[in-house]
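Novice: Next one to model:
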Amino acid sequence: MRLTEEALLERIRSGKLIEGPEYATERYLEGLKRTLIVSADTELISAPAYFRAAQDAPNINAYISATGIIQDELGHAHIAYRLLRDLGVDTDALVFERDPKEFKHPYAFDVPLESWTELVVANAFYDRAGFVLLGDVYRHTSYAPWKRALVKVDREENFHLRHGERWMEILAQDPDKKKELQRAVDWMFVLTLEWFGLPDNLKRHTDQIAYGLKGLTNDQLRQEWMKTAVPLCERLGLRVPAHYEPDLGQYVIDVPFPAEFDAEKKQWLFEKGPITWDQVLARWKARGPANEDLVKAIQRGYERIRKTLKA
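Specialist: Prediction:
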């Protein structure tokens, strides 16, 4: 017999972990599934996104490092999908039969990474976002199987963002490469700010905190990301549209946010002023220019096997 909502919440508040679905309520499991799907899709779609840009690696050692990161990301996706399978989700259908627009990864991955410079900025920004998000889950999640699995993930995501930092430092020493680096930072910084989702006052699923699926709110996580991303860029002499405000004790975004984004040109239209989060959600739902290519890169083999077996 499953726990009641009251008994489950009392268990979580007392610091006890949920060891499996049989110890949870349906509402808890639905919230857990939503969270795991976003995590799994994000890790999975990063593999073809990173692989495309890795073709521009400056040497074989750099390429090997990039493919190692890609392998890690696939492993992280496998962990989250396996947890979903244990919760009764048909993960084959989820991965191989979903429409590309139905994937739940951040919109940032739908904007194609087309160079080594953009790849390492993605490691420094996107993997930092993953490190912040999953690090928070690792420290606070009430779901024991995920907490144990994230020990490995947490360490590997830290390696990924350090790889991005190291290469940004290398590229920043070359004036021409630094200009290219700045162009990547200009569009990727604000996309990563979006990564953390709706501001707290507009958040639609509030049970993640109550159920102990994560510890910090979206706005708090955004601040955690800026605490290290902004100083990194400032140290390298790169401009970012955010600064620390001592009187507030937090980072302040210096441009309209959210704002309209031209994905084809990889350009923010800040001059048009702020837009609503409903407009952002519409852009996310429509997906970006690389969405179908990235998802089909994953689904293609499955589709070919299915057609062959049918024939």
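Novice: can you give me the strands in the stretch 201-311 of the chain?
Specialist: Assigned by DSSP state E, counting those that start in this stretch, the stretch 201-311 of the chain shows strands spanning 242-245, 250-253, 261-262, 267-268.
Novice: Can you pull out the residues in contact with the last one?
Specialist: When contacts are taken as C-beta atoms under 8 Å, 6 or more residues apart in numbering, the neighbours of strand 267-268 outside the stretch itself are 186-187, 190, 255, 259-262. Heads up, the C-betas are built off the backbone N, CA and C, glycines and all.
Novice: related to what we said a few turns ago, I'd like the strands of the stretch 201-311 of the chain as a markdown table, with mean pLDDT appended.
Specialist: Shown next, in a markdown table, are those (pLDDT from 0 to 100):
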| stretch | mean pLDDT |
| --- | --- |
| strand 242-245 | 98 |
| strand 250-253 | 98 |
| strand 261-262 | 98 |
| strand 267-268 | 98 |
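Novice: so which of those comes closest to Y81?
Specialist: With C-beta to C-beta as the measure, strand 261-262 is the member of the strands of the stretch 201-311 of the chain nearest Y81 (29.5 Å).
Novice: Partner strands of the closest one and their direction?
Specialist: strand 267-268 (antiparallel) (DSSP bridges).
Novice: one step back: among the contacts of strand 267-268, which are located in helices?
Specialist: When DSSP state H is applied, these are split such that 186-187, 190 fall in helices.
Novice: So which of those wins on neighbours?
Specialist: Counting neighbours by other C-beta atoms under 10 Å, V190 comes out on top of the ones in helices among the contacts of strand 267-268 with 23 neighbours.
Novice: Quick check: closest non-adjacent residue to T42.
Specialist: In space, and not counting its chain neighbours, T42 is closest to H105: 4.4 Å by C-beta to C-beta, 6 or more residues apart in numbering.
Novice: That neighbour: how many residues sit nearby?
Specialist: 23.
Novice: thinking it is in contact with V38, fair?
Specialist: Yes: at 7.4 Å, H105 counts as touching V38 under the criterion of C-beta atoms under 8 Å.
Novice: ok, and what's touching the lowest-mean-pLDDT helix or strand in the chain?
Specialist: Ranked by mean pLDDT, DSSP states H and E, the helix or strand of the chain with the weakest confidence is helix 207-210, at a mean of 84. With C-beta under 8 Å, 6+ apart as the test, helix 207-210 has contacts from 9, 12, 27-28, 31, 35, 213-215, 217.
Novice: Can you say which of those are buried?
Specialist: 9, 12, 28, 31, 35, 213-215, 217 (16 or more other C-beta atoms under 10 Å).
Novice: now, which of those sits nearest P274?
Specialist: T217 (20.7 Å).
Novice: show me what contacts the residue nearest to the closest one when sequence neighbours are not counted?
Specialist: Nearest non-adjacent residue to T217, counting by C-beta to C-beta, 6+ apart: D200, 4.8 Å away. Going by C-beta under 8 Å, 6+ apart, D200 touches 217-219.
Novice: Now tabulate the residues you listed in JSON lines and tack on pLDDT and distance to A124.
Specialist: Shown next, in JSON lines, are the contacts of D200 (pLDDT from 0 to 100; distance: C-beta to C-beta, whole Å):
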{"residue": "T217", "pLDDT": "94", "distance to A124": "24"}
{"residue": "N218", "pLDDT": "95", "distance to A124": "21"}
{"residue": "D219", "pLDDT": "96", "distance to A124": "22"}
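Novice: can you list the residues you listed in a markdown table and add distance to R235?
Specialist: Output for the contacts of D200, formatted as a markdown table (distance: C-beta to C-beta, whole Å):
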| residue | distance to R235 |
| --- | --- |
| T217 | 28 |
| N218 | 27 |
| D219 | 25 |
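Novice: on that earlier part again, turn the strands of the stretch 201-311 of the chain into JSON lines, columns for mean neighbour count.
Specialist: Shown next, in JSON lines, are those (neighbours: other C-beta atoms under 10 Å):
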{"stretch": "strand 242-245", "mean neighbour count": "14"}
{"stretch": "strand 250-253", "mean neighbour count": "16"}
{"stretch": "strand 261-262", "mean neighbour count": "16"}
{"stretch": "strand 267-268", "mean neighbour count": "17"}
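Novice: can those go into CSV with extra columns for distance to A54?
Specialist: As requested, the strands of the stretch 201-311 of the chain are exported to CSV (distance: least, C-beta to C-beta, whole Å):
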stretch, distance to A54
strand 242-245, 29
strand 250-253, 31
strand 261-262, 25
strand 267-268, 24
